[in-house]
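In: Just to be clear, the model below is a prediction. Sequence and coordinates:
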Amino acid sequence: MDLTFNKNEDFNKLQVTELKNKLLKVYKGGGTKNIEKHHEKGKMTARERIDFLLDKNAESLEIGALVGDEMYKEHGGCPSGGVIVIIGYIHGKQCVVVANDATVKAGAWFPITAKKNLRAQEISIENKLPIIYLVDSAGVYLPMQDEIFPDREHFGRIFRNNAIMSSMGITQISAVMGSCVAGGAYLPIMSDEAMIVDKTGSIFLAGSYLVKAAIGESIDNETLGGATTHCEISGVTDYKAKNDKDALTRIRNIISKIGDYDKAGYNRVKSKNPKENQEDIFGILPKLRTDQYDMYEIINRLVDHSEFDEYKADYGKTLICAYARIDGWAVGIVANQRKVVKNAKGEMQFGGVIYSDSADKATRFIANCNQKKIPLVFLQDVTGFMVGSKSEHGGIIKDGAKMVNAVSNSVVPKLTIVIGNSYGAGNYAMCGKAYDPRFIVSWPSARIAVMGGAQAAKVLLQIEVASLKKKGEKITPEKETEILHTIESRYDKQTSPYYAAARLWTDAIINPLETRKWISMGIEAANHAPIEKQFNLGIIQV
């Protein structure tokens, strides 16, 4: 091990520690005092409910733990978007669990809350996974109602999805464990089965105060829409639970009786650990995103037995395409090579850049994986496509378009890991969020933006300086440096993986050592949904 390796290792492990500390804070939801108030009402917190519901000592994935990070500060913040989404196992069956966190603004829905709920339903729909809703919410956060209520991807889309999912035969079970008001009352009742917890759960379109104001009727909330009302009078709910644990036990019992699912049939054999030490990833990955490294060394620490079969190894070397196994699952890997390579003509090619030959190779490889029904794993560390007259004359746009076409039309599941840079059209070609990966996660080392920070800052500096000069201001070298630093600081913040995770551009920021688990559970989820259409590239220029 050399000094550079040790410095990289220290830096990357510190980033993982920062991630863990941030998550520990997020796991407290609305804070200790709000959790205590929640317990005083005889209720479990959202995370306690999920822990009780899921199989003990089984693996799980949390979607969007960092959603809302540094957002809505003027409203007091919204940790995890006020809702917890976990993919886990109930009696060995993989399920999606969505639980309102009532310690955060009484579980009220912010704009990002709706986006996260829709993402949970999207995962359930794409992978045909049962979904459980643990409802405890005060409804729409009224000060921001204009950003959550009327649009296509807003609050109402949740109930539309309930209906669509029901028609698809996807199991939906709801437990009303606290407030369930106004439009939100439709979610549990549009589920296949709904239960309500006695004395703490309530469902109504309008609470007692609004009823009094609207029609002058005086009534308490329990009589209006409590468990006894809905289980004995209205028939709205199917089961009355004594407490949270009773409701969660009933859900476990229902799930235990669900029949087996039709499988997509992705190939899996017995898992083998990588021969190479996975911890070496921390030393291989450079501290600076501009530094070079060998992506083969990363792949060797992610795939079973550190073995893979490379496709067109000596052609299009800035993209690595290979067949391998991860936790026993057969996968096709498309990864950016991050070190300078030499092509067959003896020309040097920059690492992390997609050239025409690389794009051509990837297009053919993606088509092969679709034909063979092999899930695709994209390992992103890309600065974009090659620019300049030579590339333009060589048809880089045409070859890039072919690759984007193949990624767009791929019918096998795609899973994306953002390891480092994810810039511009490179993000698209390597299956960024806009290209429907089943799951997309980043390492703490990731950077997502339209272009690299240094280049973007210089472009923005030129624009700002020109604007100030137009207004008659004199720009000294010192002033120019000050403006540049301000721009760089703002841009760096926006390219941070936390900025992306807060807005759900990625499903999670993960410790690199969790990558195999995410890929394995992601393919297992996808295996619930047989492929229903043929791979077709459509019209492309050859």
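Out: Received it, and whenever you're ready, just let me know what you need.
In: Stretch 194-212 - what's its average pLDDT?
Out: For stretch 194-212, the mean per-residue pLDDT is 88.
In: Kindly apply the preceding question to stretch 86-99 instead.
Out: 98.
In: elements contacting the worst-scoring helix or strand of the chain on mean pLDDT?
Out: Scoring the helices and strands of the chain by mean pLDDT, DSSP states H and E places helix 453-470 at the bottom, with a mean of 74. On a contact count with 3 or more Cβ pairs under 8 Å, 6 or more residues apart in numbering; DSSP states H and E, helix 453-470 meets helix 477-495. Placement of C-beta: from N, CA and C, glycine included.
In: So which elements touch the helix it packs on?
Out: strand 447-449, helix 453-470.
In: Also compute the angle for that helix relative to helix 453-470, please.
Out: Counting by axes from the mean of the first three to the mean of the last three Cα atoms, to 10 degrees, helix 477-495 points 130 degrees away from the direction of helix 453-470.
In: which regions of the chain lie under the pLDDT threshold?
Out: 1, 183, 393, 452-457, 541-542 (pLDDT under 70).
In: Sticking with residue 428, tell me its helix or strand.
Out: Assigned by DSSP states H and E, residue 428 belongs to helix 424-429.
In: and what of residue 195?
Out: Short version: residue 195 belongs to strand 193-197, going by DSSP H and E.
In: name the helices or strands packed onto the helix or strand that that strand is followed by?
Out: The first helix or strand that comes after strand 193-197 along the chain, using DSSP H and E, is strand 202-204. Under the contact definition 3+ Cβ pairs under 8 Å, 6+ apart, strand 202-204 sits against strand 172-181, helix 221-225.
In: quick one: contacts of strand 202-204?
Out: Strand 202-204 is contacted by residues 176, 178-181, 185, 188-189, 196, 221-222, 224-226, 230, 236-237 when judged by Cβ atoms under 8 Å, 6 or more residues apart in numbering.
In: Now do the helices in the stretch 101-250 of the chain.
Out: Using DSSP state H, counting those that start in this stretch, the helices of the stretch 101-250 of the chain run over residues 111-127, 157-167, 186-189, 208-215, 221-225, 227-228, 244-256.
In: Any buried residues in the fifth one, and which?
Out: Residues 221-222, 224-225 are the ones in helix 221-225 that count as buried (16 or more other Cβ atoms under 10 Å).
In: Report the secondary structure state of the residue located most distally from the centre of the chain.
Out: Farthest-out residue of the chain from its mean C-alpha position, per Cα atoms, centre = their mean: residue 472, at 46.9 Å. Using DSSP: H, G, I helix; E, B strand; the rest coil, the structure places residue 472 in coil.
In: Against which helices or strands is the strand holding residue 195 packed?
Out: strand 172-181, strand 239-241, helix 244-256.
In: re earlier: take the helices and strands packed on strand 202-204 and write them to a markdown table, including distance to residue 43.
Out: As requested, the helices and strands packed on strand 202-204 are exported to a markdown table (distance: least, Cβ to Cβ, whole Å):
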| stretch | distance to residue 43 |
| --- | --- |
| strand 172-181 | 7 |
| helix 221-225 | 15 |
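In: closest one to residue 503 among these?
Out: In terms of Cβ to Cβ, the element of these nearest to residue 503 is strand 172-181, at 26.6 Å.
In: Could you list the paired strands of the closest one along with their orientation?
Out: If you go by DSSP bridges, strand 172-181 pairs up with strand 131-137 (parallel), strand 193-197 (parallel), strand 202-204 (parallel).
In: Run the chain-centre distance for stretch 286-303.
Out: Distance, stretch centre to chain centre, for stretch 286-303: 23 Å (Cα atoms, centre = their mean, to the nearest Å).
In: Just the CA trace of that stretch, in PDB.
Out: Backbone C-alpha positions of stretch 286-303 (Å, rounded to 0.1, in the frame of the first residue of the first chain) are rendered in PDB as follows:
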ATOM      1  CA  PRO A 286      -9.100   9.000  -5.400                       C
ATOM      2  CA  LYS A 287      -9.800  12.000  -3.100                       C
ATOM      3  CA  LEU A 288     -10.200  14.400  -6.100                       C
ATOM      4  CA  ARG A 289     -12.800  13.800  -8.700                       C
ATOM      5  CA  THR A 290     -10.400  14.900 -11.400                       C
ATOM      6  CA  ASP A 291      -7.800  12.200 -10.600                       C
ATOM      7  CA  GLN A 292      -7.500   9.000 -12.600                       C
ATOM      8  CA  TYR A 293      -8.000   5.400 -11.300                       C
ATOM      9  CA  ASP A 294      -8.600   2.000 -12.700                       C
ATOM     10  CA  MET A 295     -12.300   1.000 -12.800                       C
ATOM     11  CA  TYR A 296     -11.300  -2.700 -13.200                       C
ATOM     12  CA  GLU A 297     -10.000  -2.600  -9.600                       C
ATOM     13  CA  ILE A 298     -13.400  -1.400  -8.400                       C
ATOM     14  CA  ILE A 299     -15.200  -4.100 -10.500                       C
ATOM     15  CA  ASN A 300     -12.900  -6.800  -9.000                       C
ATOM     16  CA  ARG A 301     -14.200  -5.800  -5.600                       C
ATOM     17  CA  LEU A 302     -17.900  -5.900  -6.500                       C
ATOM     18  CA  VAL A 303     -18.400  -9.100  -8.500                       C
END
